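Fold the following, please.
(2 chains)
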Amino acid sequence: MITAQNLTKTYGKAPVLQIENLEIPKGQSFGLVGNNGAGKTTFFSLLLDLIQPSTGHILNNEVQVNSSEAWKPFTSAFIDETFLIGYLTPEEYFYFIGELRGQNKADVDALLAGFEDFFHGEILGQKKYLRDLSKGNQKKAGIVASLIGNPEVIILDEPFANLDPTTQIRLKGIIKDLASNKDVTVLVSSHDLIHVTEVCERIVVLNKGEVVRDIETSKETLKELESFFAG
Amino acid sequence: MIFGAIYFAAVFLSLGVGSFFLIKKAGLGDPLRVVNKFLIYYWVFDLAFRYILQKMPVINIKPLLYLPIVKNKVVHYSLGKTMASFFNWTHAFFFVPFSIVLLFQGYDVLGVIGWHIAIIALIYSNNFINILVNNKDAVFYPVLGLLVVLGICQYYQIFDITVYTAPLFDALYDLPWTAVITWLLLAALYISAFKYFKKNMYLDAGLATKQTEAKTEDFTWLNRFGNLGLFLKNDIKLIKRNKRSKTTVIMSFFFIFYGLLFFTGMLEVYDNPFMKIFAGIFVSGGFLFSFGQFVPSWDSSYYPLMMSQNIRYKEYLDSKWYLIVIATLISTVLAAFYLVWGWEAYAAVVVGAIYNVGVNSYLVLWGGAYIKTPIDLTSNKKAFGDKQAFNAKTLLLTLPKLLLPIVFYAIGHFLINPIAGYSFVVLAGILGFVFKNPVFRKIEGIYKKEKYKTLLAYKQKA
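Numbering: from 1, shown residues only, chains lettered A, B, ... in the order given. This is a model prediction of the structure:
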């Protein structure tokens, strides 16, 4: 589904990302871990064509993301609060995204109904704008919005951060559900090694912009990751 | 802020030096008395202006709360900081030269000094009144309404409030010691602002960010416009629900009255046909200049979302374009009162509007691609312009917005007659309108080319 080739991003002289070859097959749940500055968000931003690669390119379902926009209809993401429109209510925001992705109000409502648990009564009908919600609740809204319109590629940057324990557990369930659907490729980055090993079939460790581990998740994975990061 | 400030300073300075002689020449009587007569309006208008634009000092207090500084000091510091605001010292540009002129004209020295320091106190009183009434719309708008009604009553000579207030201001000159009263007033206001502030210095009291109750709005009537309607809905919400954009709309409303300087013959330098075209452009183009200039910056806080969603630039730009066109038409209709000064005055406005729709609407969207100043929708900071917004490219694009129509007019005016001049400007507008699609494609290309730079620029928070 996603192929990165000779992909590098440099600012000035410093390389922040150098990936020779990375392939993510369709339907995989893919985890990206690494310390701050390892290049996780840079990789996701390149995937979304928000920054330009210095060399190389990414193919998303055969579409080269920095030259065509044909990847947009089947790709969705929640990276950070810049993916939220602060002056809309969550409902308005969901319908807006829905319309952009060819879903009418009823479709969106049907999808939202499935996330009642996840929302925990703190998102819908709150008479609040997104900008006035807490960080955790903003994240919930953003994550659910990225699931609107049956995307085939879903990119979530640090989805577990800022969520309360109950929501973290529910989010794990949601991501596992998505992963079990063989048409959906999920890309997740996280600083929480336990969560990521639990929900991802494959984990790639980035360090200073380079892939240093590429692991198929097993019982030993958590130990392996912990020993790596304990350094 | 810089350019707005320089502009106001220049206007105030020239008024400060010149108004004495202007009033004298116009034969309105003793200039000081005339100024005193209208001082009440000046004072209340200043208050209204501050209410809309002046930033409250609370914003930077939070980080000070955790530091080992006593509360009194923090409050004194915050209040003191507001005193250095542009909204206070800008008045000096008028009152200092005016007072100096008075002294040279042989007015009583003690009287002028008393009057002057009393005015200082009154200006600063506004500063603290504004802090005390901050965000009390229920008080503010009735007061503003009352002011307008009084103004109208005065104009039609039904009731003249200045009859009662002018003697008070006159007294400040006639009896200089009365200036003490204004300083006592100022002191009282400072103390109450201080108390009010100190009492509310908690995260859940005065420092809480105000939350308005949100209401989901559908605007279903816009659905018939398809994707264009979708963006228009968002843009209407953007304008309605954010402080910065609301201020912009209010400011663009005042542009409508800018033409008064030109069409009433108030200022002689403006009294020629070329300047009237210039005025026509501004009267109908307030929204175009103040809002359109900052497309796409209005969407800066969620630009990455827009860029990764299934959005076509054409629809996005189309929505902004329609907003500009609708606002231009509304301004043109509202400006119908210029007919009072003859059909030619209003014709200049209509001609300006056509040029704005046909040519300037593209130019602002084009220029916007280069501005790249992130906008913080929730604050009025920088509402007066930003020096980043003035780069060479945007400046170059200003020329065809303002000078080109004047050139078109001049060609017709000198070669044939004034009517031909107007027709030439109209023709330029209609031509622009006809070529909308190719022009839009060009602008789209520029937006695409600038995409990464724009995203990077917006990452640097306003």
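
can you tell me how far residue A:183 sits from residue A:23?
17 Å (Cβ to Cβ, to the nearest Å). Backbone N, C-alpha and C define where each C-beta goes, glycine included.

And the strands in chain A?
Ranges of strands in chain A, per DSSP state E, are A:2-11, A:14-24, A:29-33, A:55-60, A:63-64, A:75-78, A:153-157, A:185-189, A:202-207, A:210-216.

mind giving me CSV with these and columns for distance to residue B:402, mean pLDDT and mean neighbour count?
Converted to CSV, those look like this (distance: least, Cβ to Cβ, whole Å; pLDDT from 0 to 100; neighbours: other Cβ atoms under 10 Å in any protein chain shown):
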stretch, distance to residue B:402, mean pLDDT, mean neighbour count
strand A:2-11, 40, 93, 17
strand A:14-24, 44, 92, 16
strand A:29-33, 52, 95, 25
strand A:55-60, 44, 94, 18
strand A:63-64, 43, 94, 14
strand A:75-78, 42, 94, 25
strand A:153-157, 45, 95, 22
strand A:185-189, 50, 95, 25
strand A:202-207, 52, 94, 20
strand A:210-216, 54, 93, 14
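
Any idea which of the ones you listed gets closest to residue B:218?
Smallest distance to residue B:218 across those (Cβ to Cβ): 23.6 Å, for strand A:75-78.

Wondering if the closest one reaches chain B at all.
Yes. Applying Cβ under 8 Å from any Cβ of the partner chain, one finds strand A:75-78 in contact with chain B at A:75, A:76, A:77.

where does the residue of chain B positioned farthest from its centre fall, phi/psi-wise?
What lies farthest from the middle of chain B is residue B:68; by Cα atoms, centre = their mean that is 39.7 Å. The phi and psi values for residue B:68, taken as degrees, to the nearest 10, are phi -80, psi 70.

how much space between it and residue B:175?
From residue B:68 to residue B:175 the distance is 49 Å (Cβ to Cβ).

Could I get the full set of helices for the stretch 101-250 of chain B?
Ranges of helices within the stretch 101-250 of chain B are B:109-133, B:137-155, B:162-174, B:179-199, B:226-241, B:243-255, based on DSSP state H, counting those that start in this stretch.

of the ones you listed, which approaches residue A:206 most closely?
Nearest of the helices of the stretch 101-250 of chain B (Cβ to Cβ): helix B:226-241, 35.9 Å.

Chain B contacts on chain A?
A:48-52, A:72-73, A:75-77, A:79-80, A:82-89, A:91-92, A:96-97, A:99-102, A:126-129, A:131-132.

Just the ones of the residues you listed in helices?
If you go by DSSP state H, the residues of chain A next to chain B have A:91, A:92, A:96, A:97, A:99, A:100 in helices.

just checking, residue B:263 touches residue B:276?
Yes. The pair residue B:263 / residue B:276 is scored as a contact, 6.9 Å apart, by Cβ atoms under 8 Å.

Find the residues that touch each one of these two.
Contact with both residue B:263 and residue B:276 is made by residues B:345, B:348, according to Cβ atoms under 8 Å, 6 or more residues apart in numbering or on different chains.

what's the nearest residue to the spatially most central residue of chain A if we skip its chain neighbours?
With distances taken as Cα atoms, centre = their mean, chain A has residue A:156 as the residue nearest its mean C-alpha position (1.4 Å). The shortest distance from residue A:156 to any residue other than its chain neighbours is 5.1 Å, reached at residue A:188 (Cβ to Cβ, 6 or more residues apart in numbering or on different chains).

Please report how far the one you found lies from chain B.
Separation of residue A:188 from chain B (Cβ to the nearest Cβ, to the nearest Å): 17 Å.

low-scoring stretches of the stretch 251-400 of chain B, by residue?
Scanning the stretch 251-400 of chain B for pLDDT under 70 picks out B:265-271, B:379-396.

which parts of the stretch 151-300 of chain B sit against chain A?
B:209, B:211-217, B:227, B:230, B:233-234, B:237-238, B:241-242.

from the residues you listed, which is closest to residue B:349?
The closest of these, once distances to residue B:349 are taken by Cβ to Cβ, is residue B:238, at 27.5 Å.

which residue sits closest to residue 76, ignoring its sequence neighbours?
Looking at chain A here, since you left the chain open. residue A:151 (4.0 Å).

looking at chain B here, not the other one
residue B:194 (7.3 Å).

Could you do residue B:169 as well?
residue B:36 (3.8 Å).

so that neighbour is in which element?
helix B:31-53 (DSSP states H and E).

Now that helix: buried residues?
Buried residues in helix B:31-53, counted by 16 or more other Cβ atoms under 10 Å in any protein chain shown: B:31-32, B:34-37, B:39-41, B:43-44, B:46-48, B:50-53.

and stretch B:212-219, what's its mean pLDDT?
Here stretch B:212-219 scores 78 as its mean pLDDT.

What's the end-to-end length of that stretch?
Stretch B:212-219 has an end-to-end distance of 20 Å (criterion: Cα to Cα, to the nearest Å).

who does the longest helix along chain A touch, helix- and strand-wise?
Ranked by number of residues, the top helix in chain A under DSSP H is helix A:165-180. Applying 3 or more Cβ pairs under 8 Å, 6 or more residues apart in numbering or on different chains; DSSP states H and E, one finds that helix A:165-180 contacts strand A:29-33, helix A:116-119, helix A:135-145, strand A:185-189, helix A:193-199.

who touches the second one?
So the one you mean is helix A:116-119. Contacts of helix A:116-119 (Cβ under 8 Å, 6+ apart): A:112, A:140, A:144, A:167, A:170, A:171, A:174.

is it possible to export those to TSV including distance to residue B:20 and pLDDT?
Putting the contacts of helix A:116-119 into TSV (distance: Cβ to Cβ, whole Å; pLDDT from 0 to 100) gives the following:
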residue	distance to residue B:20	pLDDT
A:112	68	94
A:140	65	95
A:144	67	96
A:167	69	94
A:170	74	94
A:171	72	95
A:174	74	94
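
CSV for the residues you listed, including neighbour count?
Below are those laid out as CSV (neighbours: other Cβ atoms under 10 Å in any protein chain shown):
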residue, neighbour count
A:112, 22
A:140, 25
A:144, 23
A:167, 21
A:170, 18
A:171, 21
A:174, 19
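
Closest one of those residues to chain B?
Nearest to chain B among those is residue A:112, at 13.0 Å by Cβ to the nearest Cβ.
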